[in-house]
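**Student:** Let's see this in three dimensions:
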Amino acid sequence: MKKIIAVFLIALLMIPSLCSATEVGLDLVPNGKSAILVEASTGEVIFEKNSHERYAPASMTKMMSLLLFIEAIEKGVMTWEENITVSANASAMGGSQILLETGEVMSVYDLFKGVAVASGNDATVALAERVAGTEGAFVNKMNEKAKQLGLKDTNFVNCTGLDEDNHYSSSYDMMVIARELVSHEKILEFSSIYEDYLREGTDRKFWLVNTNKLVRFYKGADGLKTGYTDNAGYCLTATAKRNEMRLLGVIMNEENSNIRNQEMMSLLDYGFNQYETEKILNTTTKVKTVKIDKAKNQEVDIVPLKDITLLHKKADEKKNVTFEIKLNELKPPIKKGEVVGQIIVKENDKTSRVEDVTVSKDVEKANIINLFLRHLNNILVGNIDF
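**Tutor:** Below you'll find the model as predicted:
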């Protein structure tokens, strides 16, 4: 009898580790091997299942490629209008493709669309070679970026997601990449396209149809990336926005695309039905005014570096929200956007968020004339004794 009781107690202790991080016994993705659902602005996890287990990510790999492409454009490494000549290596890519030919010239804009909408392996490699010189060099950049993002369960061997040994990720890591990607809102202009064309007006006109059917059939869906290989099974990273709340879901290793899509919609439905966000501060909200003696304008307003939003269940009572500001030593000059400290957000006296703060406008260093006039003014108003 004692043995039976002991086994029962051990089983009870194991239950939480086998269930979702949100509610015991809740499995919104019964067929997928791994999954996660987060609210994008806060990064808070609503649901997860085996989210740190490693699986082949298939074409969800291209989210990292797309992220690096966008960053390259933002840094001026290449432009949307620039034309790229397709290499033999790129045109030889198998799997999903936009049928590029060796020597064909196509704009960065159209190649990017070919990746984001149709998951073109050939377009991905063409852009990767433009950014880094070779696909191998670009993959090194992908892995460097993975380290910068703090990913623990990801290693890339190629930029397309085709099956290769030692090419793996996790639903958690894919979520982190997706969250970083959607912070560049330009991606959503492409990932929300359901159908379009390349090479219009030529005899090689190519019909693009989004591999992510949710952008057509699910309310608010505007991305992000599907995937399938023999090793990976059917995968999907999806994002949708309703009432100013954006959700990000990842499912890995499903049996077929229909089940994958249905379970993703159920996952998103749960998030939208059960949760809501509340924006409590934005980038223009003054959270503190400080005095900087050696600044041209001594009084400086401190504001959040980005909008601050809280996530809570619709059925829960709202918590009492308070803030604590911790500033670094402030010495001019300081540029707007430069991190000058943190704001600690507390709900019912418990820390829920820590976010960066900055100055509301550039803070210039006072020159000798500013300091002399300030000193003279202090004498006149009697703030300095002789």
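**Student:** Every contact and neighbour count from this point should use C-alpha atoms.
**Tutor:** Noted.
**Student:** If you count neighbours, what's buried in the helix or strand residue 113 falls within?
**Tutor:** Secondary structure from DSSP states H and E places residue 113 in helix 108-116. Within helix 108-116, the residues that count as buried by 16 or more other C-alpha atoms under 10 Å are 108, 110-116.
**Student:** what comes into contact with whichever strand or helix holds residue 139?
**Tutor:** For residue 139, the host element (DSSP H and E) is helix 135-148. With C-alpha atoms under 8 Å, 6 or more residues apart in numbering as the test, helix 135-148 has contacts from 64-65, 68, 125, 128-129, 131-132, 154-159.
**Student:** Now do the residue lying closest to residue 309 once chain neighbours are set aside against residue 166, distance only.
**Tutor:** Leaving aside its chain neighbours, residue 309 sits nearest to residue 279 (4.2 Å; criterion: C-alpha to C-alpha, 6 or more residues apart in numbering). According to C-alpha to C-alpha, to the nearest Å, residue 279 stands 41 Å off from residue 166.
**Student:** Can you pull the phi/psi pair for residue 270?
**Tutor:** The phi/psi pair for residue 270 (degrees, to the nearest 10) reads phi -60, psi -50.
**Student:** which residues of the stretch 101-250 of the chain fall in strands?
**Tutor:** Using DSSP state E, counting those that start in this stretch, the strands of the stretch 101-250 of the chain run over residues 105-107, 195-198, 206-209, 221-229, 233-242, 245-254.
**Student:** for these, which one ends up most surrounded?
**Tutor:** Across the strands of the stretch 101-250 of the chain, averaging neighbours per residue (mean count of other C-alpha atoms under 10 Å) puts strand 245-254 on top, at a mean of 27.
**Student:** Now that one: average pLDDT?
**Tutor:** Averaged over strand 245-254, pLDDT sits at 98.
**Student:** What of stretch 312-319?
**Tutor:** In this model, stretch 312-319 has a mean pLDDT of 91.
**Student:** and that stretch, which residues are buried?
**Tutor:** So for stretch 312-319, counting by 16+ other C-alpha under 10 Å, buried means residue 312.
**Student:** For the residue nearest to residue 58 when sequence neighbours are not counted, which residues are in contact?
**Tutor:** Closest residue to residue 58 apart from its sequence neighbours, by C-alpha to C-alpha, 6+ apart: residue 161 at 4.2 Å. Listed by C-alpha under 8 Å, 6+ apart, the contact partners of residue 161 are 56-62, 167.
**Student:** Quick one: those as a markdown table, columns for distance to residue 138 and neighbour count too.
**Tutor:** Formatted as a markdown table, the contacts of residue 161 follow (distance: C-alpha to C-alpha, whole Å; neighbours: other C-alpha atoms under 10 Å):
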| residue | distance to residue 138 | neighbour count |
| --- | --- | --- |
| 56 | 19 | 30 |
| 57 | 18 | 33 |
| 58 | 17 | 29 |
| 59 | 16 | 26 |
| 60 | 16 | 27 |
| 61 | 13 | 28 |
| 62 | 12 | 24 |
| 167 | 15 | 19 |
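**Student:** Looking at those, which are in strands?
**Tutor:** Among these, DSSP state E puts none in strands.
**Student:** Just put the residues you listed in a markdown table and tack on distance to residue 221 and pLDDT.
**Tutor:** Formatted as a markdown table, the contacts of residue 161 follow (distance: C-alpha to C-alpha, whole Å; pLDDT from 0 to 100):
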| residue | distance to residue 221 | pLDDT |
| --- | --- | --- |
| 56 | 24 | 98 |
| 57 | 21 | 98 |
| 58 | 21 | 98 |
| 59 | 19 | 98 |
| 60 | 17 | 98 |
| 61 | 20 | 98 |
| 62 | 19 | 98 |
| 167 | 28 | 98 |
